[in-house]
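Peer 1: Any chance you can model this:
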Amino acid sequence: MNTRKQHVIDIAHQLFIEKGFQATSIQDILDYSGISKGTFYNYFSSKNELLIALFTTLFKKIEKGQDDLLIGQDPKNIEIFIKQIQYKYETNRANKLLSLFDEVFYLNDEELKQFLKRCHIRSIRWLYERFIDIFGESKKPYLLDCAIMFRGILQNNQKYNSAANNSNVSIHDIVRYSVNRTVTMVEEVAETGEQLLPPELLDSWMPNCKKTNKAFQQKLYHSISTLKKSLIHNEDQAKYIELLDFILEELLHSKESRKFLIEMAIRSLKSEAGSLEKKELQQLEQLVANYFKQLEEAD
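Peer 2: Numbers count the residues shown, from 1 in each chain. Okay, the predicted model is just below:
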């Protein structure tokens with residue numbers, strides 16, 4: 001994303017927090033960001049699309065931060081999971097996302113509600129996959145139910161502690177308390193064999209998520225992160241980071257990854273970015289090749 005477009009998103013974010021999404025007009029955004037109406041519509045087709053771009057930018061930041069916490073760690077370590085959840089809630093709070101979520105929810109705007117619904121399902125899927133890491137394959141049939149319940153427990157604990165202005169309890173305390181209750185819950189439902197929702201439902205709720213598994217995501221994030229670090233002293237750092245972000249977006253979030261564009265981006269990195277780690281770039285190239293090979297074999 002270019003710097004000017006990101007500036008517009010940042011200004012809109014401030015206005016949405018100060019005035020509310022509904023009360024902020026496109027003219028307000030133009031006045032505060034210093035862009036023309038034509039430039040705005042070159043970036044976004046509507047105020048809704050701008051809000052979705054804002055949410056998407058912040059969600060990607062959260063996903064990256066959570067994945068960075070997992071690099072080099074044992075996925076089964078529940079302490080890492082607690083840090084990941086705490087990071088998400090602290091980022092949400094710092095960016096005042098919860099108030100924006102609430103306003104959007106009550107707007108009754110179908111486009112925005114569908115977007116947030118997909119985000120919620122994405123969050124449930126992430127929890128489900130992390131629970132498999134932590135609790136193991138044997139408990140997999142019960143972990144979608146447990147992911148949904150954990151999300152509800154955590155959200156309500158956070159909501160009512162905040163409403164009570166309970167300063168004695170930190171977000172870390174709330175996350176740990178909720179995780180501890182969930183550990184007991186997982187053991188109990190696995191023992192009784194009770195199940196409400198089969199995990200296979202996730203594939204019908206978000207079919208595009210089937211194409212990437214957790215191991216691939218972790219390797220990809222690690223490779224991209226390492227390459228970005230090697231660009232610190234490169235004068236064209238922003239250009240190459242944009243290429244790396246494009247590769248990440250295409251592989252993890254696009255409806256259908258465009259192989260030829262990803263290969264072009266990698267070729268550009270290989271031919272122009274001399275400061276990049278050659279070994280890590282080769283590993284990224286191999287990772288991408290293996291990914292598309294698996295897709296072809298699946299077809």
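Peer 1: contacts, neighbours, all on C-alpha from now
Peer 2: Noted.
Peer 1: Count the residues that sit near residue 268.
Peer 2: 13 (other Cα atoms under 10 Å).
Peer 1: Would you mind measuring from it to residue 89?
Peer 2: As judged by Cα to Cα, to the nearest Å, residue 268 and residue 89 stand 37 Å apart.
Peer 1: what does residue 97 give?
Peer 2: 10 Å.
Peer 1: So between those two, which is more surrounded?
Peer 2: Neighbour comparison, residue 97 and residue 89: the larger count goes to residue 89, with 20 against 16 (by other Cα under 10 Å).
Peer 1: gap between the closest residue to the more buried one other than its chain neighbours and residue 130?
Peer 2: In space, residue 89 comes closest to residue 171 once its chain neighbours are excluded; the distance is 7.6 Å by Cα to Cα, 6 or more residues apart in numbering. According to Cα to Cα, residue 171 stands 20 Å off from residue 130.
Peer 1: Repeat that for residue 26.
Peer 2: Distance check for residue 26 against residue 130: by Cα to Cα, it reads 40 Å.
Peer 1: quick one, what contacts residue 104?
Peer 2: Neighbouring residues of residue 104 by Cα atoms under 8 Å, 6 or more residues apart in numbering: 21, 112-113.
Peer 1: The longest helix along the chain packs against which elements?
Peer 2: If you go by DSSP state H, the chain has its longest helix at helix 110-135. Secondary structure elements in contact with helix 110-135, counted by 3 or more Cα pairs under 8 Å, 6 or more residues apart in numbering; DSSP states H and E, are helix 47-70, helix 97-107, helix 140-163, helix 201-205.
Peer 1: how about TSV for these, with distance to residue 215 and mean pLDDT added?
Peer 2: Below are those laid out as TSV (distance: least, Cα to Cα, whole Å; pLDDT from 0 to 100):
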stretch	distance to residue 215	mean pLDDT
helix 47-70	11	89
helix 97-107	29	82
helix 140-163	17	93
helix 201-205	18	82
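Peer 1: Tell me who's in contact with the residue nearest to residue 89.
Peer 2: Residue 171 sits next to 86, 89-90, 158 when contact means Cα under 8 Å, 6+ apart.
Peer 1: For the chain, identify the residue most remote from the centre.
Peer 2: In the chain, residue 192 marks the outermost C-alpha relative to the chain mean, sitting 33.4 Å out by Cα atoms, centre = their mean.
Peer 1: so where's the protein uncertain?
Peer 2: For the chain, applying pLDDT under 70 flags the ranges 1, 206-214, 254-255, 272-277, 297-299.
Peer 1: domain assignment for it?
Peer 2: Listed by automatic domain parsing, the domain ranges of the chain are 1-44, 47-205, 211-298.
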